[in-house]
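# I'll drop the sequence and a predicted model, then ask my questions.
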Amino acid sequence: MGLNIASIFGSGLGQLIKDVVGTFKLAPEKQAELQQVIDQNAHEIQMKEYELQVRAMDAESKAIEAASANIRAEAQSGDKWTSRARPTFLYLFYIILAFNFILVPIAQMIKGISLAQLHPIEFPDILWEVFVAGYLGYTGVRSWEKSKLAIN
C-alpha cells in the first residue's frame, strides 16, 4: 500500500499508523498490542488530527491573505497596465474572433480567396477556456459592482 498526501490528510491519523505498521509483518500478538495502544490513545490521536486540520486551515488562510494583499497592492499602484491587462487581453481576443469569423469568410466570399490562401487563426482549447473565464469574470464582477453601487 503506497502512502501519499491524500492518504495522510484524507484519512485519520490512527488509520495512517495502522497502514504504516500494517506494511510490516508483525506477529499477531504484536498487532493486538499495537491495536490496544492505538485504542488507548484514540483521544490524543483525534486531537493531533484536529491540530493538523487547524494548521492546514491557518496556512490556507495566510495564503489567501497574501494573495489578497498582492491584489490590493497592484490595484493601488500607479501602473495603468495592471488595471488594463484583462481588458487588453479581451480586446485582443475580440480582434482575433472578428478576423476568424467575420473577415476571413467575407474575404473568401467577395474576393474568391481560397481557404489555402487565408487561414483562420486556430486556438488551443486552453486559450478558449482562459478567454471564457476572463470574459465571464470581468463582466460578472463589473455587473456585480454596478448592482452594488445601484443598491447603495
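Thanks, I have it. Owing to the predicted nature of the structure, the values given are computational and were not obtained by experimental measurement.
# and Gln46, what helix or strand is that in?
For Gln46, the host element (DSSP states H and E) is helix 42-76.
# buried residues, that helix. List them.
Of the residues in helix 42-76, Ile45, Glu49 count as buried by neighbour count, 16 or more other CB atoms under 10 Å. For the C-beta atoms, the positions are set from N, CA and C on the backbone; glycine is no exception.
# now the element after that helix, going C-ward?
For helix 42-76, the following helix or strand on the C-terminal side (DSSP H and E) is helix 80-98.
# how far off helix 42-76 does that next one point, in degrees?
Helix 80-98 and helix 42-76 are oriented at 90 degrees to each other (axes from the mean of the first three to the mean of the last three CA atoms, to 10 degrees).
# dump the helix or strand just after helix 80-98 to PDB, restricted to CA.
Under the assignment DSSP H and E, the closest C-terminal helix or strand after helix 80-98 is helix 104-110. The C-alpha coordinates for helix 104-110 follow below in PDB (Å, rounded to 0.1, in the frame of the first residue of the first chain):
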ATOM      1  CA  VAL A 104     -12.000  35.600 -43.300                       C
ATOM      2  CA  PRO A 105     -15.500  34.500 -44.500                       C
ATOM      3  CA  ILE A 106     -16.200  37.900 -46.100                       C
ATOM      4  CA  ALA A 107     -12.800  37.900 -47.900                       C
ATOM      5  CA  GLN A 108     -13.500  34.300 -49.100                       C
ATOM      6  CA  MET A 109     -16.900  35.300 -50.400                       C
ATOM      7  CA  ILE A 110     -16.000  38.600 -52.000                       C
END
